[in-house]
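Have a look at this prediction, sequence included:
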Amino acid sequence: MSIGNRAGKSKTFAIIDRGVIETRASRFLQREAGYWNWTSRAVASRVPFHAEPMRMTVEKPYRPNVGIALFNTAGFVLIGRRFQDDGPEIILPFLEWQMPQGGIDEGETPVEAGFRELKEEIGTDKAALLRELPEWLTYDLPPHLLGVALHGRFRGQRQKWLAMRFTGEDTDINIATADPEFAHWKWLAVEALPRLIVPFKRDTYTKVIAAFRDLAFPV
């Protein structure tokens, strides 16, 4: 089919059968059906689709975990930047930061686990316990991480949060541990924490900040 243009020349258009288009579109959708990411648009990657995500969430337990808000004498809290390829929880650029945390081993108290995690993650346990949050805080993994993060065994984490005062020097901190957790670390005002955390942990961090805000002052 040809049509004239203003210069008197003609353009030729191929006539494509509508049935061919519909068939190709159908095949494309079938190939992609198993890889849609139904989470935030900010997550650009495709991830495997998990059947019956609600049932999986109900059946999986929470992992016992301890989190440490480590304050220095200036009232700032320590955060570390996780490696960008450090597991599927690292889903968004610039949101790789978190306070030290880790699983509670069988037979450990949260306080014992907290000091152990400091030694394992920042190379020193020079700290004094200030406060233990009475209640446990939980966060759920987003649907696309169920069966993927936390070794696929948990729906999220059930955390006991501790506030500690760092009693060492900055030179005591060494994140180049045997099994490194962080690529970088820094001291930060607690109010700035939520904007650096992955979205599914922000509610937990907001509660921790509210509980420990009175400790965020120079001593």
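That came through, no problem. Numbers count the residues shown, from 1 in each chain.

Looks like Lys201 contacts Tyr139 (just checking).
Yes: if you go by C-beta atoms under 8 Å, Lys201 and Tyr139 touch, sitting 5.5 Å apart. Heads up, the C-betas are built off the backbone N, CA and C, glycines and all.

quick one: which of the two has more around it?
Lys201 (23 against 19; other C-beta atoms under 10 Å).

Give me the pLDDT for the more buried one.
For Lys201, the model assigns a pLDDT of 93.

quick one: it and Phe217, what's the gap?
Per C-beta to C-beta, to the nearest Å, Lys201 is found 25 Å from Phe217.

Which residues are in contact with the residue lying closest to Asp179 once chain neighbours are set aside?
Closest residue in space to Asp179, ignoring its immediate chain neighbours: Glu120 at 7.0 Å, by C-beta to C-beta, 6 or more residues apart in numbering. Listed by C-beta atoms under 8 Å, 6 or more residues apart in numbering, the contact partners of Glu120 are Gly102, Thr177, Ala178, Asp179, Glu181.

And for Tyr139?
Contacts of Tyr139 (C-beta under 8 Å, 6+ apart): Gly156, Gln157, Gln159, Phe200, Lys201, Asp203, Thr204.

can you check Ala163 too?
Ala69, Phe71, Leu129, Leu130, Arg131, Glu132, Leu133, Ala211, Phe212, Leu215.

so where's the protein shaky on pLDDT?
Scanning the chain for pLDDT under 70 picks out 1-58, 84-92, 151.

Would you map the helices across this protein?
Ranges of helices in the chain, per DSSP state H, are 18-32, 53-59, 110-122, 202-212.

Pull up the gap between Ile209 and Val66, please.
Taken as C-beta to C-beta, the span from Ile209 to Val66 is 17 Å.

What about the residue nearest to Ile122 when sequence neighbours are not counted, how many residues nearby?
In this structure, Ile122 finds its nearest non-sequential neighbour in Ile173, 5.1 Å apart by C-beta to C-beta, 6+ apart. The tally of other residues near Ile173 (other C-beta under 10 Å) stands at 20.

Also Arg202?
That count, for Arg202 with other C-beta under 10 Å as the rule, works out to 16.

how about the contacts of Ala163 in CSV, adding neighbour count?
Shown next, in CSV, are those (neighbours: other C-beta atoms under 10 Å):
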residue, neighbour count
Ala69, 25
Phe71, 24
Leu129, 13
Leu130, 14
Arg131, 15
Glu132, 15
Leu133, 18
Ala211, 17
Phe212, 20
Leu215, 17
